[in-house]
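> Need coordinates for the below:
(one chain, ligands or ions: 1)
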Amino acid sequence: MTLKGRTAVITGSNSGIGLGIAWELARAGADVVLNSFTDNDEDHELARTIAGETGVAARYVRADMSKGEDCRALIAEAGRCDILVNNAGIQHVAPIDEFPVEKWDAIIAINLNSAFHTTAAALPMMRKAGWGRVINIASAHGLTASPFKSAYIAAKHGLVGMTKTVALETAEEPITANAICPGYVLTPLVEAQIPATMKEYGMDRESVIRNVMLARQPSKQFATVEQLGGTAVFLCSDAAAQITGTTISVDGGWTAL
Ligand code: NAD
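Below is the predicted model:
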């Protein structure tokens with residue numbers, strides 16, 4: 001299977017899962033547009049490295065996914081978007097009655113609203129090209145809940161719901177929309193939670209990983225960014241042409257519990 005001739009736009013892809021997905025889509029032959037809200041040399045260097053190692057066209061476009069106009073401008077700047085991966089996301093953990101309003105607003109904007117704006121901007125391009133894939137990176141927390149993550153869980157459940165609607169609106173076209181629901185993946189987003197959790201529970205790093213983070217992940221292993229990239233590539237394959245409006249869990253059994 002080759003994605004040669006396709007262009008993929010991956011939001012929030014200068015680190016973690018988004019970058020892993022960009023690598024796998026590029027290895028499968030797609031040109032890739034990387035994104036985040038920064039505009040550092042390292043961001044552009046990532047695109048040059050992917051282009052150099054895979055031979056595809058790769059570039060980095062700065063756009064802040066907390067702003068609707070930036071989301072739409074990212075797609076316009078890409079010029080073409082056959083594969084849209086809505087991946088940008090942030091987290092904040094606090095009881096709902098203490099949840100900072102600005103954190104709630106930022107999480108809903110980046111984790112949910114951005115996908116509305118990018119999808120609205122990208123669908124006309126997919127229709128014009130006669131093929132498209134919308135891949136939303138939700139979470140096990142798009143299907144289940146945990147305490148203290150109200151904004152994240154609301155956003156991810158919302159993203160799963162929006163995925164189903166996009167699938168129905170495009171059902172008769174050669175376009176699919178699906179959500180990937182990862183369990184824990186050891187990315188900077190998760191790594192950043194380890195020191196505070198060690199302090200909170202008085203545990204060492206290994207105990208936090210096994211007994212707190214992976215407590216609900218029966219495999220007791222993190223999913224990897226390469227596995228998530230492989231899942232995205234599969235969703236772009238012909239074998240997945242009739243898979244639409246659904247979720248694919250990559251969570252070591254979390255949602256089977
Ligand atoms: P990460 O922190 O490594 O990556 C997040 C990406 O989003 C980064 O590239 C960051 O620059 C970008 N980003 C943040 N704010 C942005 C903004 N305003 N505009 C543009 N880009 C922005 O985290 P990750 O773990 O790779 O998370 C990626 C996605 O996967 C998120 O949506 C997250 O909710 C989801 N997810 C992660 C896990 C996990 O265990 N790591 C599990 C389930 C779902």
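> Contacts only, for A240.
Residues in contact with A240 (C-beta atoms under 8 Å, 6 or more residues apart in numbering) are T176, N178, F234. In this view, the C-beta of every residue, glycine as well, is placed from N, C-alpha and C.
> now the closest residue to F234 other than its chain neighbours: how far from N86?
Distances taken as C-beta to C-beta, 6 or more residues apart in numbering place A240 nearest to F234, at 5.8 Å, with adjacent residues excluded. A240 is 17 Å from N86, where distance means C-beta to C-beta, to the nearest Å.
> how about the residues of the stretch 101-250 of the chain that lie near the ligand?
Residues of the stretch 101-250 of the chain that fall close to the ligand, judged by C-beta under 6 Å from any ligand atom: I110, N111, I137, S139, P182, Y184, V185, T187, P188, L189, V190.
> From the residues you listed, which land in helices?
Mapping those onto helices (DSSP state H) picks out P188, L189, V190.
> quick one: the second one and G16 touch, right?
Going back to what we said before, that points to L189. Yes: in this structure, L189 is within contact of G16 by C-beta atoms under 8 Å, at 6.1 Å.
> Of those two, which one has the most company?
G16 (21 against 16; other C-beta atoms under 10 Å).
> residues contacting that one?
Contacts of G16 (C-beta under 8 Å, 6+ apart): V185, T187, P188, L189, V225.
> distance of L257 from R210?
Distance, L257 to R210, using C-beta to C-beta: 16 Å.
> Comparing those two, which shows the higher neighbour count?
The neighbour count for L257 versus R210, taken as other C-beta under 10 Å, is higher for R210 (13 against 9).
> give me the number of residues near the closest residue to G142 other than its chain neighbours?
Distances taken as C-beta to C-beta, 6+ apart place K156 nearest to G142, at 3.6 Å, with adjacent residues excluded. Neighbour count for K156, taken as other C-beta under 10 Å: 27.
> Tell me which residues touch K156, please.
Applying C-beta under 8 Å, 6+ apart, the residues contacting K156 are N111, L112, A138, S139, H141, G142.
> could those residues be laid out in a markdown table, adding neighbour count?
Converted to a markdown table, those look like this (neighbours: other C-beta atoms under 10 Å):
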| residue | neighbour count |
| --- | --- |
| N111 | 30 |
| L112 | 23 |
| A138 | 29 |
| S139 | 29 |
| H141 | 22 |
| G142 | 27 |
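> will you turn those residues into JSON lines that also has pLDDT?
Formatted as JSON lines, those follow (pLDDT from 0 to 100):
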{"residue": "N111", "pLDDT": "98"}
{"residue": "L112", "pLDDT": "99"}
{"residue": "A138", "pLDDT": "99"}
{"residue": "S139", "pLDDT": "98"}
{"residue": "H141", "pLDDT": "97"}
{"residue": "G142", "pLDDT": "98"}
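> can you give me the helices in the stretch 151-257 of the chain?
188-191, 194-201, 205-207, 225-235 (DSSP state H, counting those that start in this stretch).
> Paired strands for the one helix or strand L84 maps to, with orientation please.
In the assignment (DSSP states H and E), L84 maps to strand 83-86. Here strand 83-86 has these sheet partners by DSSP bridges: strand 7-10 (parallel), strand 132-137 (parallel).
> What subset of the residues of the stretch 101-250 of the chain next to the ligand is buried?
Listed as buried from those are I110, N111, I137, S139, P182, Y184, V185, T187, L189; burial here means 16 or more other C-beta atoms under 10 Å.
> The second one reaches Y152, doesn't it?
Yes: under the contact definition of C-beta under 8 Å, N111 touches Y152, with a separation of 6.6 Å.
> Which residues are in contact with each of those two?
G89.
> Please parse this structure into its domains.
As recorded under automatic domain parsing, the domains making up the chain are 7-185+223-256, 186-221.
> Those: lowest mean pLDDT?
With a mean of 93, domain 186-221 has the lowest mean pLDDT of the domains of the chain.
> now that one, how far from the chain's geometric center?
Remark: domain 186-221 is offset 21 Å from the chain centroid, using C-alpha atoms, centre = their mean, to the nearest Å.
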